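Undergrad: Sequence and predicted structure below; questions after.
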Number of protein chains: 6
Amino acid sequence: MTEPVQLVPNNSLITGTPEEGRQLAVKMARLIIKVTQPDAAVREKLRPIYAESPEMLIAIGKVVAIEFATIAAANNYWR
Amino acid sequence: MTEPVQLVPNNSLITGTPEEGRQLAVKMARLIIKVTQPDAAVREKLRPIYAESPEMLIAIGKVVAIEFATIAAANNYWR
Amino acid sequence: MTEPVQLVPNNSLITGTPEEGRQLAVKMARLIIKVTQPDAAVREKLRPIYAESPEMLIAIGKVVAIEFATIAAANNYWR
Amino acid sequence: MTEPVQLVPNNSLITGTPEEGRQLAVKMARLIIKVTQPDAAVREKLRPIYAESPEMLIAIGKVVAIEFATIAAANNYWR
Amino acid sequence: MTEPVQLVPNNSLITGTPEEGRQLAVKMARLIIKVTQPDAAVREKLRPIYAESPEMLIAIGKVVAIEFATIAAANNYWR
Amino acid sequence: MTEPVQLVPNNSLITGTPEEGRQLAVKMARLIIKVTQPDAAVREKLRPIYAESPEMLIAIGKVVAIEFATIAAANNYWR
């Protein structure tokens, strides 16, 4: 029914810039939600709930921050 | 009654690609839940609860992000 | 409708001082909330909620701490 | 009344394999709960509560992930 | 109205001792709350709430632990 | 009224063994709670609340795990 979700876009943590690394962190965080809840209709229903909840918005920020830490290390912080 | 759960598939953190590393992170996170709640019927009952809760989906994302950080470091970030 | 949000100001994690690094951590944390909830009116409505909730203020502190850990490492801790 | 709890089994973070490292992470996480709540009867009463709560199962996963990160680093990721 | 908050006292993560590093971690955690809620009267009103909530006290401990990890690394752990 | 709390016992992160490092992590976590809630009578009142709450016991485990990660790194993991 549902095709397998690719969890790491381009199968790489290496990006050209911090901005692209940050975008990758956001995507990787979303893809875990997608693989845990593969039903797009359910995910669509949940979106307005977390997008209007300050608690959940903060929690999303935490997940992205953790993913980004890994990606930044992988890229030697783009120094 | 319940057979011992293997907590680290293949007993290794080394994977060929970031994608496989990410899949390992998801599996390792799930296996801790399995070892803490060994009853498959209970776990099955809990699945729709967390899969429709934005808060819990975000929390799962956090656990996977932490597991992945370790796996990515183990693999020198697949550089 | 909404223009794309730049997630990493100046597209760099490198800052001249710890103070600037800390400010960057605060900004990067806020930008994830902005990209997840692009409607400025909604974000404005949420602000007094988290700003008067001790739980959420603490949670914001956690996100900033995680972002700052990455930025500090990127800058070799400004040693 | 209660004998002192040993917090690190074998007083070492070094293990032969990732699997043993993961088991150590689970044990170390449990031992903190034991030292904080030394009454075995109370702990036994709490077990079904967290084992049937998806939120708490996820939270346990997070603790184990953090403990494991330390153990994995201690063992140079068993490379 | 409100003067800008200095987020990193002395604009440095380097301290003479672990004790001073720990105090810095506490201060840096508090300063994020201050910058997010600049109204001192509101912060004063929130203080008894978190100071009598075991959950929030634990959460504060988590933030300080994360800030301290960064400060300790910056100081090569005062070895 | 209240004497200043020493936040890092012996003002050092270096310990002889992992067991002592773990005990230090527990102490350091508790000392942050002490400095945030200096009234011993209040802390005593809160103890049974968190010690019988599985959620809070897990949360305490998380704080200790984070403190321990720092202490373990400081001690080169007692390799």
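TA: Great, that's in hand.

Undergrad: near chain C, which residues of chain A show up?
TA: Residues of chain A lying close to chain C (CB under 8 Å from any CB of the partner chain) are A:17-19, A:21-23, A:26, A:50-52, A:54-55, A:57-62, A:64-66, A:68-69, A:72-73, A:77-79. For the C-beta atoms, the positions are set from N, CA and C on the backbone; glycine is no exception.

Undergrad: Just the ones of those in helices?
TA: A:18-19, A:21-23, A:26, A:50-51, A:54-55, A:57-62, A:64-66, A:68-69, A:72-73 (DSSP state H).

Undergrad: Chain D next: which of the residues you listed are close?
TA: Counting by CB under 8 Å from any CB, no member of those reaches chain D.

Undergrad: Just the buried residues from the residues you listed, in PyMOL please.
TA: Per 16 or more other CB atoms under 10 Å in any protein chain shown, the buried members of these correspond to this PyMOL selection:
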select buried, chain A and resi 18+19+21+22+23+26+50+51+54+55+57+58+59+60+61+62+64+65+66+68+69+72+73
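
Undergrad: pLDDT weak spots in chain A?
TA: A:1-3 (pLDDT under 70).

Undergrad: at 90 instead, please
TA: Along chain A, the parts satisfying pLDDT under 90 run over A:1-5.

Undergrad: which residue is nearest the centroid of chain A?
TA: Note on chain A: the residue nearest the mean C-alpha position is residue A:29, at 2.2 Å, using CA atoms, centre = their mean.

Undergrad: Just want the residue of chain A that's nearest chain C.
TA: Closest residue of chain A to chain C, CB to the nearest CB: residue A:77 (3.6 Å).

Undergrad: what about that residue, how many neighbours?
TA: By other CB atoms under 10 Å in any protein chain shown, the residues close to residue A:77 number 19.

Undergrad: Check residue A:40 too.
TA: Counted with other CB under 10 Å, residues neighbouring residue A:40 total 10.

Undergrad: any idea how far it is from chain B?
TA: For residue A:40, the distance to chain B (CB to the nearest CB, to the nearest Å) stands at 13 Å.

Undergrad: just residue A:44 next, same as before
TA: Noted for residue A:44: a distance of 12 Å to chain B, by CB to the nearest CB.

Undergrad: quick one: contacts for that residue?
TA: Residue A:44 makes no contacts at all, as judged by CB atoms under 8 Å, 6 or more residues apart in numbering or on different chains.

Undergrad: Okay, and it sits in which element?
TA: Element membership for residue A:44 (DSSP states H and E) is helix A:40-51.

Undergrad: That helix vs helix A:54-74, what angle?
TA: If you take axes from the mean of the first three to the mean of the last three CA atoms, to 10 degrees, helix A:40-51 sits at 100 degrees to helix A:54-74.

Undergrad: Ramachandran angles for residue A:75?
TA: phi -100, psi 20 (degrees, to the nearest 10).

Undergrad: unless I'm mixing things up, it is touching residue A:19, no?
TA: No. Judged on CB atoms under 8 Å, residue A:75 makes no contact with residue A:19 at a distance of 11.6 Å.

Undergrad: Is chain E within reach of stretch A:63-78?
TA: No. If you take CB under 8 Å from any CB as the test, stretch A:63-78 misses chain E, and the best it gets is 10.2 Å.

Undergrad: neighbouring contacts of that stretch?
TA: A:13-15, A:17-18, A:21-22, A:24-26, A:28-29, B:58, B:61-62, B:65-66, B:68-69, B:72-73, B:77-79, C:12-14, C:28-29, C:32, C:63, C:66-67, C:69-70, C:73-74.

Undergrad: Let's see it as CSV, backbone CA atoms only.
TA: C-alpha atoms of stretch A:63-78 as CSV (Å, rounded to 0.1, in the frame of the first residue of the first chain):
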residue,chain,number,x,y,z
VAL,A,63,14.0,17.4,17.5
VAL,A,64,15.4,19.6,14.7
ALA,A,65,18.2,20.9,17.0
ILE,A,66,19.3,17.3,17.8
GLU,A,67,19.2,16.3,14.1
PHE,A,68,21.1,19.4,13.2
ALA,A,69,23.8,18.7,15.8
THR,A,70,24.6,15.4,14.0
ILE,A,71,24.5,17.0,10.5
ALA,A,72,26.7,19.9,11.6
ALA,A,73,29.3,17.5,13.0
ALA,A,74,29.2,15.5,9.8
ASN,A,75,30.1,18.6,7.9
ASN,A,76,32.8,19.7,10.3
TYR,A,77,30.5,22.6,11.0
TRP,A,78,31.1,24.0,7.5
